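Novice: A predicted structure for the sequence below; I have some questions about it.
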Amino acid sequence: MSHFSYQDGVLHAESTALPKIAEAFGTPAYVYSKAALLENFAAYADACRGRDALVCYAMKANSNLAILDLLAREGAGFDIVSGGELLRVIAAGGDPNKVIFSGVGKTEAEMRLALDKGILCFNVESIPELHRLNEVAGSMGKRAPVSLRVNPNVDAKTHPYIATGLKANKFGVAFDDALDTYRTAAALPHLDVVGIDCHIGSQLLDDAPLLEALDKLIELIDTLDTEGIHLHHLDIGGGLGVDYGVAGDKAPVPVGDYLGRLFARIDAWGAGRDGGRPIKVIFEPGRSIVANTGVLVTKVEFLKPGVEKNFCIIDAAMNDMMRPTLYGAWMDMQPVVPREGEKAVYDIVGPVCESGDWLARERALAVEPGDLLAMLSAGAYGMTMASNYNTRGRAVEVMVDGEQVHVIRQRENPAELFALESMIK
Ligand code: LLP
């Protein structure tokens with residue numbers, strides 16, 4: 001979190017004090033650092049320099065237009081999972097030709113939109129999807145570029161809700177069925193089989209499972225070569241974890257180290273591949289680009305001492321940040337202006353009417369009502385998973401650039417939340 005640091009006892013985003021932002025725009029507020037975002041993307045871009053590689057940012061992690069625009073300007077492509085995300089990429093000035101479309105349930109309308117805009121590739125996850133895509137492309141007089149998402153059955157050793165590469169998961173085509181599925185795809189008249197992809201899970205603190213998945217993809221590419229199905233790209237997905245400050249967690253693998261190991265294997269294999277046929281490498285990172293670029297700033301409303309627990313009631317809630325209640329995720333909460341004095345242990349909870357409305361549990365804090373707290377590393381899967389439960393407008397989003405502060409999404413006001421509704425006569 002080097003772009004979020006205490007300066008004279010006050011937590012800053014770059015050179016801007018967080019209380020200044022809270023005063024100007026209110027709380028809860030997502031505050032992002034532009035420098036952190038660019039630095040995180042640069043770690044990927046630098047490791048890919050001079051290679052045929054594309055970093056397709058998995059925008060489900062954070063799809064604010066300002067973030068997409070900054071990444072697009074750095075040359076990023078995008079990994080999308082809906083037609084809505086494609087429209088966001090275009091609205092942000094991103095290039096559809098650098099977009100890959102993941103997800104198990106693409107609708108005909110979404111396929112048509114993506115074909116019309118000319119995306120780079122559909123990451124197809126099943127045989128029925130292949131047939132649907134073939135029909136839609138045929139009806140438009142087009143050919144759809146296709147990659148198969150192969151499920152390498154590798155244990156990513158992460159939370160079950162965010163592990164996606166095991167046999168029991170709904171994602172991808174089983175490794176053992178992949179060859180047959182490729183044959184089916186290659187025989188369909190309106191598809192161009194161009195690639196292979198996988199994504200084995202998220203928040204991986206070790207790159208060994210990713211490299212294991214790579215080996216399995218390579219094995220399949222070799223087999224496909226012998227069948228005359230020559231792939232042009234290999235997409236290893238996203239998944240690299242970040243440091244949430246969880247006690248006992250090992251440090252995440254640096255992006256450059258992981259990509260270095262991955263490219264070393266690809267180079268060693270590629271030289272011998274089917275006469276040295278080159279392959280483009282695609283990445284789909286989400287969390288490792290945005291998680292530590294953002295904090296969620298919230299205000300303490302009340303302290304409520306209890307018999308078994310003390311509660312620190314804040315103005316952010318589960319609707320603003322789902323990760324703790326949904327995954328039991330541990331998110332670091334720190335005072336924006338730490339005070340001297342005795343600490344008490346609190347569960348930090350929001351005002352939503354659910355017992356599951358907690359953001360952190362059993363934290364030792366010296367706080368008073370009115371104090372600001374910051375949830376660290378909240379830039380990924382925070383705002384994109386936020387809801388309007390309890391008719392709560394979603395938080396304002398602000399991007400700091402040195403001393404400059406830009407509102408990149410206004411706070412929702414309640415009237416906007418029911419503007420699309422109507423009463424019946
Ligand atoms: N590619 C595909 C096909 C994915 O499904 C995902 C994430 C990514 C790339 C990006 O993975 P990342 O680099 O961010 O690990 N809401 C959960 C995470 C869900 C991840 C879903 N898929 C959380 O807050 O932990």
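Specialist: Good, I have the coordinates.
Novice: okay, CA-based contacts and neighbour counts for the rest of this
Specialist: Will do.
Novice: could you find the closest non-adjacent residue to residue 387?
Specialist: Distance criterion C-alpha to C-alpha, 6 or more residues apart in numbering; nearest residue to residue 387, sequence neighbours excluded, is residue 319 at 5.0 Å.
Novice: contact partners for that neighbour?
Specialist: Listed by C-alpha atoms under 8 Å, 6 or more residues apart in numbering, the contact set of residue 319 reads 352, 385-389, 392, 394.
Novice: same deal with residue 271?
Specialist: residue 277 are the contacts of residue 271 under C-alpha under 8 Å, 6+ apart.
Novice: pretty sure residue 146 is touching residue 191, no?
Specialist: Yes - assessed by C-alpha atoms under 8 Å, residue 146 is found in contact with residue 191 at 6.5 Å.
Novice: pick out the most distant pair among the contacts of residue 319.
Specialist: Across the contacts of residue 319, the longest distance by C-alpha to C-alpha is 15.8 Å; it joins 352 and 385.
Novice: and the residue of the stretch 301-425 of the chain closest to the ligand?
Specialist: The minimum distance from the stretch 301-425 of the chain to the ligand, using C-alpha to the nearest ligand atom, falls at residue 381 (4.6 Å).
Novice: pLDDT score for that residue?
Specialist: pLDDT, residue 381: 98.
Novice: surely it is in a helix?
Specialist: No - counting by DSSP: H, G, I helix; E, B strand; the rest coil, one finds residue 381 to be coil, located in no helix.
Novice: what about the residue nearest to it when sequence neighbours are not counted, distance to residue 292?
Specialist: Of all residues not flanking residue 381 in the chain, residue 61 sits nearest, at 4.7 Å (C-alpha to C-alpha, 6+ apart). Distance of residue 61 to residue 292, computed by C-alpha to C-alpha, to the nearest Å: 12 Å.
Novice: hey, what's in contact with both of those two?
Specialist: Applying C-alpha under 8 Å, 6+ apart, one finds that residue 61 and residue 292 are jointly contacted by 379-380.
Novice: more crowded one of those two?
Specialist: Taking neighbours as other C-alpha atoms under 10 Å, residue 61 and residue 292 compare with residue 292 leading, 25 against 21.
Novice: would you check that the more buried one makes contact with residue 382?
Specialist: No - under the criterion of C-alpha under 8 Å, residue 292 is not in contact with residue 382, lying 11.4 Å apart.
Novice: for residue 186, see how far away the residue nearest to residue 387 is.
Specialist: 44 Å.
Novice: next: residue 408.
Specialist: In this view, residue 408 and residue 186 are 44 Å apart by C-alpha to C-alpha.
Novice: again, but for residue 260
Specialist: Taken as C-alpha to C-alpha, the span from residue 260 to residue 186 is 32 Å.
Novice: how about residue 276?
Specialist: Noted for residue 276: a distance of 22 Å to residue 186, by C-alpha to C-alpha.
Novice: could you pull out the strands for the stretch 151-300 of the chain?
Specialist: In the stretch 151-300 of the chain, strands defined by DSSP state E, counting those that start in this stretch lie at 173-174, 191-197, 233-235, 280-283, 294-304, listed in chain order.
Novice: give me the longest helix you can find in the protein.
Specialist: With secondary structure taken from DSSP state H, the chain has its longest helix at helix 208-226.
Novice: list the buried residues in that one.
Specialist: Using 16 or more other C-alpha atoms under 10 Å as the test for burial, helix 208-226 gives 209-218, 220-222, 224.
Novice: what packs against that helix?
Specialist: Of the remaining helices and strands, none touches helix 208-226 by 3 or more C-alpha pairs under 8 Å, 6 or more residues apart in numbering; DSSP states H and E.
Novice: now that helix and strand 191-197, what's the angle there?
Specialist: Put simply, helix 208-226 runs at 150 degrees to strand 191-197, going by axes from the mean of the first three to the mean of the last three C-alpha atoms, to 10 degrees.
Novice: separation between residue 104 and residue 216?
Specialist: Counting by C-alpha to C-alpha, the gap from residue 104 to residue 216 is 21 Å.
Novice: helix, strand, or coil at residue 90?
Specialist: Once three-state DSSP is applied, residue 90 turns out helix.
Novice: identify the residue spatially nearest to it, adjacent ones excluded.
Specialist: Take residue 90 and drop its neighbours on the chain: the residue closest to it by C-alpha to C-alpha, 6+ apart is residue 96, 6.9 Å away.
Novice: picking that back up, please name whichever of the strands of the stretch 151-300 of the chain is nearest to residue 130.
Specialist: strand 191-197 (8.3 Å).
Novice: and that closest one, anywhere near the ligand?
Specialist: No - judged by C-alpha under 6 Å from any ligand atom, strand 191-197 stays clear of the ligand, getting no closer than 8.6 Å.
Novice: average model confidence for that strand?
Specialist: Mean pLDDT, computed over strand 191-197, is 98.
Novice: just checking, what packs against that strand?
Specialist: Short answer (3+ C-alpha pairs under 8 Å, 6+ apart): strand 191-197 packs on strand 121-124, helix 127-139, strand 144-151, helix 178-187, strand 233-235.
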